[in-house]
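A.B. asks: Coordinates for the following, if possible.
(2 chains)
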Amino acid sequence: VSCCRKYTKGMIPMSLIKGYSIQTITRSCHINAVIFHTNGGKNICTDPSKGWVMESIRKLREKVQAINKKNSKA
Amino acid sequence: YGPLNYACCVKYTRTPLPFGVIAGFIEQSSLEVCRIDAIIFITQKNKKICASIEDQWVRAALAHLRSKIAKLENKASLRLTTAGPNSVIQTNTTNSP
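C.D. replies: Predicted coordinates for the structure are as follows:
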């Protein structure tokens, strides 16, 4: 499993983001990171201190909650 | 297989995952190429496990991930703050389901 070694510079459009994983500092992984998983199957390393990263995570949560509501009505 | 480079979930796991092994998740929507809604958990060893958002443990696991993210965010902002004796960093971690 490869680690993030640096962060992407740009922002990722919310429409491309399907999920995320958390990388914390370990012996082999040297930086904390949020790894976004995109529609195309790419994993993109982002900086947890960026506001847009946390905002994207909150929006992803809203998407998941919307799915839950839809399934509850079925 | 759809355009994604992993298979669609077609059924859900019956066994809840220990929260500690979960590194992240991907949401699968039935509005796109896959037939069912699912939460795909990604483990520390990069395995993918299909789960249903309707299961209580799944929502609890997602809440646990959010708390880990909140810790990461707090660590990140600590790094950027010039800490002095008067610095107070407020933590507003809401554990709403």
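A.B. asks: where does the nearest residue to residue A:29 once chain neighbours are set aside land in three-state SS?
C.D. replies: The shortest distance from residue A:29 to any residue that is not its chain neighbour, by Cβ to Cβ, 6 or more residues apart in numbering or on different chains, is 3.9 Å, and that residue is residue A:3. For the C-beta atoms, the positions are set from N, CA and C on the backbone; glycine is no exception. Counting by DSSP: H, G, I helix; E, B strand; the rest coil, the backbone at residue A:3 sits in coil.
A.B. asks: secondary structure element for residue B:34?
C.D. replies: Residue B:34 is located outside every helix and strand, with elements delineated by DSSP states H and E.
A.B. asks: Hmm, it is touching residue B:8, no?
C.D. replies: Yes: with the criterion set as Cβ atoms under 8 Å, residue B:34 and residue B:8 qualify as a contacting pair; they are 3.7 Å apart.
A.B. asks: Give me the secondary structure label for the residue of chain A found nearest chain B.
C.D. replies: Across chain A, the shortest distance to chain B (Cβ to the nearest Cβ) belongs to residue A:21, at 2.7 Å. The three-state label for residue A:21, taken from three-state DSSP, comes out as strand.
A.B. asks: For residue B:35, give me the pLDDT.
C.D. replies: Per-residue confidence at residue B:35 stands at 76 (pLDDT).
A.B. asks: count of residues packed around it?
C.D. replies: Here the neighbour count serves as a burial measure; for residue B:35 (other Cβ atoms under 10 Å in any protein chain shown) it reads 10.
A.B. asks: That concludes my questions; thank you for your assistance.
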